[in-house]
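Q: Sequence plus the predicted model coming up.
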Amino acid sequence: PYLQDPRVVVIVREVNWPRVYVVGEVARPGAFPLRGRLTVLQALSLAGGPNEFADTGEIVLLRGDRRERLELDYSQLVERLGEGDLVLGPGDTIYVP
C-alpha cells in the first residue's frame, strides 16, 4: 500500500535573517532582522525610539564582528541624517542607557 504520486507542502514561517539588537531605555527593546541596509537611527526607530528615561547623549554601538565600541549622541545622529549614517552589520548591538 504505497502512495502513488505523493505531495508535500512546506510552509516557511520565518527566515533566519542575521539580527541586530537594540537594548536599554527604548520603547521596544529586542532583536531585529537585518534585511539589507539598516542604520542606527532606523534600528532605534524599529525599537520605538528612546524612552523618557534614556540618556540619549551616551548611546553605545557595539560592533558584533569587530569588537569595536562607538559612543553616539542621538541629537547629532539626527542632525547628520543622511550624511554618512552608521550602517549596522550582523550581531551589532545598540545600547541606550
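A: Right, received. Where do you want to start?

Q: where does the lowest-mean-pLDDT helix or strand in the chain sit relative to the chain's centre, distance-wise?
A: For the chain, the helix or strand with the lowest mean confidence is helix 74-79, at a mean of 91 (criterion: mean pLDDT, DSSP states H and E). Here the centre of helix 74-79 is set off from its chain's centre by 18 Å, with CA atoms, centre = their mean, to the nearest Å.

Q: Find me the pLDDT at the spatially most central residue of the chain, would you?
A: Nearest to the mean C-alpha position of the chain, counting by CA atoms, centre = their mean, stands residue 20 at 3.5 Å. For residue 20, the model assigns a pLDDT of 97.

Q: Pull the contacting residues for it.
A: Residues counted as contacts of residue 20 (CB atoms under 8 Å, 6 or more residues apart in numbering) are 31, 32, 34, 38, 43, 88, 89, 90, 91, 92, 93, 94. Bear in mind the C-beta positions are built from the backbone N, C-alpha and C, glycine included.

Q: switch the cut-off to 10 Å
A: Shown in contact with residue 20 (CB atoms under 10 Å, 6 or more residues apart in numbering): 30-34, 38, 40, 42-43, 46-47, 61, 64, 88-94.

Q: Alpha carbons of the helix or strand encompassing it, as CSV, please.
A: Per DSSP states H and E, residue 20 falls inside strand 19-24. Output of strand 19-24 as CSV, limited to C-alpha atoms (Å, rounded to 0.1, in the frame of the first residue of the first chain):
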residue,chain,number,x,y,z
ARG,A,19,20.0,40.2,13.6
VAL,A,20,20.9,43.5,15.3
TYR,A,21,20.0,44.2,18.9
VAL,A,22,18.6,47.3,20.5
VAL,A,23,18.6,47.2,24.3
GLY,A,24,18.2,49.6,27.2
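
Q: Direction included, what does it pair up with?
A: Applying DSSP bridges, strand 19-24 is found paired with strand 30-33 (antiparallel), strand 93-96 (parallel).

Q: Show me which positions of the following helix or strand past the first one end up buried.
A: Looking back up the chat, that one is strand 30-33. Downstream of strand 30-33, the first helix or strand assigned by DSSP H and E is helix 40-46. Using 16 or more other CB atoms under 10 Å as the burial criterion, the residues of helix 40-46 that qualify are 40, 41, 43, 44, 46.
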